[in-house]
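> for reference, the sequence and a predicted model appear below.
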Amino acid sequence: MNKLDTTLVTSALKKAGFSVTANVKEADVVLINTCSVREHAEQRVLSHLGHLKHIKKSRPDMIVGVIGCMAQRLGDKLLEHEAVNIVCGPTQIPQIADLLKQAFEKNEKRLAITEKILQKTSEMQNQALETFESAHGIEDKYIPSQAFVRAMRGCNNFCTYCIVPYVRGPEVCRPPEAIIEQIKRLASIGIKQVTLLGQAVNSYKYKKDGRTWSLADLLDAASDIHGIEWLRFVTSCPSEEFFDEIMQVMADSPKVCKYLHMPAQSGSDKILSAMNRHYSAVSYLELLNRARAAVPRIAIAGDFIVGFPGETEDDFQATVDLLKTARYRNSFIFKYSPRPGTTADKRLQDTVPAEVKQKRIVELLAAQEKISDELSRDFLDKEVKVLVEGLSKKSHRNITGSPDNPQLVGRTATDYIVVFNGPMSLAGRFAKVKIIKTSPLTLFGELI
Ligand code: 5AD
Ligand code: SF4
């Protein structure tokens, strides 16, 4: 979500005449796009702002803007920060060029956030976001040949630990024709992989001409678009609604990547209920069984929070058991971080001590690493198809074959990272690689 907002804002500002610089010291404007999901992310922004305050001593004309979730959450408190000129929430990003213009002209601080974020967004605001999204959502690719397309904004789920509904507002699904049109335009400029985005993207629904479009219908329609070769969607919230239809389209369409990111968060029913997640460990695992029955070799990824208030050692062990049973290809594991304003923060004490959270995260990561390692090993000596992203950021040693070529990185349809030597001209294209070495999260191979 955040990356997409950065792309949209960058594209809008380029069209308004700005150009991007990698050097903060020579920038006239510094924009920080922020996430509020965990406290750590917010602390990093505050430390950046401290640094910018310093730079502004010798560059008083520099405009600093904070955009995104933290802007919406902290509003005028953030505007009081000495370094900050503009605070702009996620629903106000279409105004960013105007806000900058005003800040330059009047040298005044500007605040643009939604006051009653929990209320349904107005038609006008939706329209502004829709126009902004379709106008700017087709440029500025981070990785050649790939693009993100928002299917829906916001979230209605109110998981008790989560800040998202309070900073991104209620769920709004974009009209299917706008999404499909955007994907067609992306295909026409050479995009090969599109990822549909939503906080609980599997619950996408849109009533049109007497029928309801689901995510399965969107994927099906997008599969017909010439030029698009891989379609992905993230993130799925465990739910019966549309589940079988979505798995069916994944099974039927060769373009829909066989990858499901469906966070469990915990394996304890007591904790799941305290998190306001509407499933049990058993029903969650049953969904995974159905996914695997419909789509053999599907890769499944999960998220977990350890140390949620009231989590006992038994609750935690239930999480370890679930993770082992689920056999995820990868899990994203976080320590519970109380977020001001959420139900968990208001009603529950952050009871699990820091050292216990630490011990649990280490144990769960180790259990996942063992599974990831086993699953990766299955790829030894096999051929995989990857979409090449570009130069590998880390330089891995012990790679044989084409030593004159740089080390490239790509991903399989099931989201495995593959590192191999090859010419840069492959960036943005598909390649076949034979795997010769594996690690839990990365496959290493030779171009064939
Ligand atoms: N503390 C820790 N992790 C959190 N997540 C969301 N809110 C919190 C929180 N308050 C995690 C969840 C979610 C992922 C995006 O971030 O696992 O799936
Ligand atoms: Fe947060 Fe739950 Fe919505 Fe995901 S589904 S964004 S965890 S409230």
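Received the coordinates, thanks. Ligands and ions are numbered 1, 2, ... in the order given.
> number of residues surrounding residue 106?
9 (other Cβ atoms under 10 Å). Using the backbone N, CA and C atoms, a C-beta is placed for each residue, glycine as well.
> over to residue 305?
Using other Cβ under 10 Å: residue 305 sits among 26 other residues.
> was I right to think it contacts residue 338?
No - Residue 305 is beyond contact range of residue 338, at 11.3 Å (criterion: Cβ atoms under 8 Å).
> need the overlap of contacts for those two.
Common neighbours of residue 305 and residue 338, using Cβ atoms under 8 Å, 6 or more residues apart in numbering, are residue 161.
> could you check how far the nearest residue to residue 382 once chain neighbours are set aside is from ligand 1?
Spatial nearest neighbour of residue 382, excluding adjacent residues (Cβ to Cβ, 6 or more residues apart in numbering): residue 435 at 5.6 Å. Separation of residue 435 from ligand 1 (Cβ to the nearest ligand atom, to the nearest Å) stands at 30 Å.
> before we move on, what about residue 3?
Between residue 3 and ligand 1 the computed distance is 13 Å (Cβ to the nearest ligand atom).
> could you say which helix or strand holds that residue?
Secondary structure from DSSP states H and E places residue 3 in helix 2-15.
> which helices and strands does the helix or strand just after that helix pack with?
Going down the chain from helix 2-15, the next helix or strand is strand 29-34, by DSSP H and E. Counting contacts by 3 or more Cβ pairs under 8 Å, 6 or more residues apart in numbering; DSSP states H and E, strand 29-34 packs against helix 2-15, helix 39-58, strand 63-68, helix 69-74.
> hmm, who's touching strand 29-34?
If you take Cβ under 8 Å, 6+ apart as the criterion, strand 29-34 is touched by 2, 5-6, 9, 13, 18, 24, 41-42, 45, 48-49, 52, 62-71, 96, 100.
> quick one: the helices in the stretch 151-300 of the chain?
Using DSSP state H, counting those that start in this stretch, the helices found in the stretch 151-300 of the chain span residues 164-168, 176-188, 215-223, 243-252, 269-274, 281-294.
> residues of the helix holding residue 3 that come out buried?
4, 5, 6, 7, 8, 9, 10, 11, 12, 13 (16 or more other Cβ atoms under 10 Å).
> on that earlier part again, and ligand 2, which of the contacts of strand 29-34 contact it?
Near ligand 2, taking Cβ under 6 Å from any ligand atom as the test, no member of these is found.
> filter those down to the buried ones, ChimeraX style.
What follows is the ChimeraX syntax selecting those of the contacts of strand 29-34 that are buried according to 16+ other Cβ under 10 Å:
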select :5,6,9,13,18,42,45,48,49,52,62,63,64,65,66,67,68,69,70,71,96,100
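> what sits against the residue nearest to residue 382?
By Cβ under 8 Å, 6+ apart, the contact list for residue 435 reads 379, 380, 381, 382, 383, 384, 418, 443, 444, 445.
> was I right about the last one contacting residue 421?
No - because the distance of 9.3 Å does not satisfy Cβ under 8 Å, residue 445 is recorded as not touching residue 421.
> leaving out sequence neighbours, find the closest residue to the most centrally placed residue in the chain.
Ranked by distance to the mean C-alpha position of the chain (Cα atoms, centre = their mean), the top residue is residue 1 at 5.2 Å. With sequence-adjacent residues excluded and distances taken as Cβ to Cβ, 6+ apart, residue 1 is closest to residue 197, at 6.0 Å.
> kindly report the same for residue 21.
Excluding the flanking residues, the one nearest residue 21 by Cβ to Cβ, 6+ apart is residue 27, at 5.3 Å.
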